[in-house]
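J.: Mind looking at a prediction? Sequence and model below.
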Amino acid sequence: MAGKKSVATNPDGREKHIHQKYDPDYHPEHYANYKSIGCGIDEIAGFFGVNKSTVHGWIDRYPEMKQACDKFKVNLISNAHRNLVRRANGYEYEEEKKVTENGNETRVEITTKQLAPDVGAIKHLLAKHAPDMWGDKAEIEINGELEVKQTLAEKLTNGSKR
């Protein structure tokens, strides 16, 4: 009679599945890195040599994978919001232009340029952060008659057309 095989464990003491390729020191960090450069779950699964359902299982099963997933989402959202605010406010940036004469690069000209505030970004931020004043929805009040009230943004927009 053959004896029972001992069950291998992960470094943190959890039982390791016989076919498990998961490494808590490797996969969470690399998952977040791949996501940050725009890789989809199919590509990440390919890099890890597993199916995408396996990666989803790791996210459900292992807290450090869930944390890596959540951290990526928070970073993505905060970076996008910061860039939206920057775009709404406008900003200065430097542009480099290499000048060549007779086929040789002679100098680099640096020009400071100004990007004007973006009205679409402003509208989006105001609708999100001050919806009572700047939301896109019209208020409908029913009191026997149908009356549509304009939002402040619509009033200002319609008032500026005159």
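T.: Nice, I can see it. Residues are numbered from 1 along each chain as shown.
J.: what helices or strands is the longest helix along the chain leaning on?
T.: Under DSSP state H, the helix in the chain containing the largest number of residues is helix 63-89. Judged by 3 or more Cβ pairs under 8 Å, 6 or more residues apart in numbering; DSSP states H and E, the packing partners of helix 63-89 are helix 27-36, helix 52-61, helix 119-129. Backbone N, C-alpha and C define where each C-beta goes, glycine included.
J.: and the angle from the last one to helix 63-89?
T.: Angular relation of helix 119-129 and helix 63-89 on a 0 to 180 degree scale: 120 degrees, by axes from the mean of the first three to the mean of the last three Cα atoms, to 10 degrees.
J.: how about low-confidence regions in the protein?
T.: Confidence mapping of the chain against pLDDT under 70 gives the ranges 1-20, 136-162.
J.: for it, which residue is closest to the average position?
T.: Centroid check for the chain by Cα atoms, centre = their mean gives L76 as the closest residue, at 2.7 Å.
J.: How about the contacts made by that residue?
T.: Counting by Cβ atoms under 8 Å, 6 or more residues apart in numbering, L76 makes contact with 35-36.
J.: Might one say that G135 is in contact with K123?
T.: No: checked against Cβ atoms under 8 Å, the pair G135 and K123 is beyond contact range at 10.4 Å.
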